[in-house]
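In: no letters, just coordinates:
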């Protein structure tokens, strides 16, 4: 392969995705770089300006001017980092998150339109070729995934069906549950797909290397002022990357921002890893009861989180013993 061939491919692909006139391609007033920064702020745990600069390999002055413009437009808030006052923490405002969501939606629509021209039989070849390019240009080694490689996003076409399929497959493989559980998951997902308020209910998909590896839902409960966390799932090969922690954290933060007074969930005692996550985020076990469901003898548990309390804030933590 020659340098000219690589440059030719680069010209072809940047033209194909509209990188040179990104704002016109997505009908949005942001360049490709600005859109990428908004995407990182919406989907990545990196929120310090220094981390953004390193991750995106941006000039510090260029990034500073961009963030200043975002702040002037009401898209971000800039403040000293809690960990190091010499660093700047960057936080999306509601307006900024709405802009990032709009960009994400239009980007997915644009890629969906592009894929619609590819014959179904060629799509797996295309995905495999893209993965191979990434591996070869990463010195031919498959790098171990890192926490920062995981992004959270909203569901795209097929993602709700993926939630049903993966829940059914994983719980059968790991706990021997029967098709009754798949039926329950299918009803929950169908209810959300058919009728939900996006301001009060949401689904998150955790994505790693372009594939979904986790999910969770936040939906309205029957009790007034109460939200319910449902269908937390993390793929086995993505465990240990903090995926579940980020999914639960996103659900809690959304429920609090949406104005719910409490967040509840129902689980079973065999799901020990999930229960540790709930404890870490401040949930309390309310009740438990033996039952037989999904072809197994289980102990169902109800958990509750008072959204008026934030376990990560010092003033809301319970005093240590003896203090």
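Out: Now that the structure is in, tell me what you want to look at. Quantities reported herein were computed from a predicted structural model and do not represent experimental measurements.

In: any low-confidence regions in the protein?
Out: Residue ranges of the chain with pLDDT under 70: 1, 45-46, 139-144, 309-323.

In: try it again at 50.
Out: Within the chain, the ranges that satisfy pLDDT under 50 run 311-323.

In: quick one, helices of it?
Out: For the chain, applying DSSP state H gives helices covering 3-16, 22-26, 32-43, 49-56, 60-72, 94-115, 120-136, 159-175, 179-194, 243-257, 272-280.

In: make JSON lines out of those and add mean neighbour count and distance to residue 228.
Out: Quick note: C-beta positions are derived from backbone N, CA and C, even for glycine. Below are the helices of the chain laid out as JSON lines (neighbours: other C-beta atoms under 10 Å; distance: least, C-beta to C-beta, whole Å):
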{"stretch": "helix 3-16", "mean neighbour count": "10", "distance to residue 228": "43"}
{"stretch": "helix 22-26", "mean neighbour count": "16", "distance to residue 228": "34"}
{"stretch": "helix 32-43", "mean neighbour count": "19", "distance to residue 228": "24"}
{"stretch": "helix 49-56", "mean neighbour count": "17", "distance to residue 228": "33"}
{"stretch": "helix 60-72", "mean neighbour count": "14", "distance to residue 228": "34"}
{"stretch": "helix 94-115", "mean neighbour count": "15", "distance to residue 228": "22"}
{"stretch": "helix 120-136", "mean neighbour count": "11", "distance to residue 228": "35"}
{"stretch": "helix 159-175", "mean neighbour count": "17", "distance to residue 228": "15"}
{"stretch": "helix 179-194", "mean neighbour count": "15", "distance to residue 228": "10"}
{"stretch": "helix 243-257", "mean neighbour count": "20", "distance to residue 228": "9"}
{"stretch": "helix 272-280", "mean neighbour count": "15", "distance to residue 228": "13"}
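
In: and of these, who's closest to residue 230?
Out: helix 179-194 (5.9 Å; C-beta to C-beta).

In: from the contact counts, what lies against the closest one?
Out: Secondary-structure packing of helix 179-194 (3 or more C-beta pairs under 8 Å, 6 or more residues apart in numbering; DSSP states H and E): helix 159-175, strand 211-220, strand 226-234.

In: quick check: angle from that helix to strand 226-234?
Out: 120 degrees (axes from the mean of the first three to the mean of the last three C-alpha atoms, to 10 degrees).

In: and helix 179-194, how far out from the chain's middle?
Out: Distance of helix 179-194 from the chain centroid (C-alpha atoms, centre = their mean, to the nearest Å) equals 21 Å.

In: cool, stretch 78-89 as well?
Out: With C-alpha atoms, centre = their mean, you get 24 Å for stretch 78-89.

In: so which bits of it are buried?
Out: Residues of stretch 78-89 classed as buried by neighbour count (16 or more other C-beta atoms under 10 Å): 81, 88-89.

In: reformat those residues as a markdown table; add distance to residue 240.
Out: As requested, those are exported to a markdown table (distance: C-beta to C-beta, whole Å):
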| residue | distance to residue 240 |
| --- | --- |
| 81 | 26 |
| 88 | 30 |
| 89 | 27 |
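
In: could I get the helices of the chain as a markdown table with distance to residue 227?
Out: A markdown table is the format used below for the helices of the chain (distance: least, C-beta to C-beta, whole Å):
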| stretch | distance to residue 227 |
| --- | --- |
| helix 3-16 | 42 |
| helix 22-26 | 32 |
| helix 32-43 | 21 |
| helix 49-56 | 30 |
| helix 60-72 | 30 |
| helix 94-115 | 18 |
| helix 120-136 | 36 |
| helix 159-175 | 18 |
| helix 179-194 | 13 |
| helix 243-257 | 4 |
| helix 272-280 | 14 |
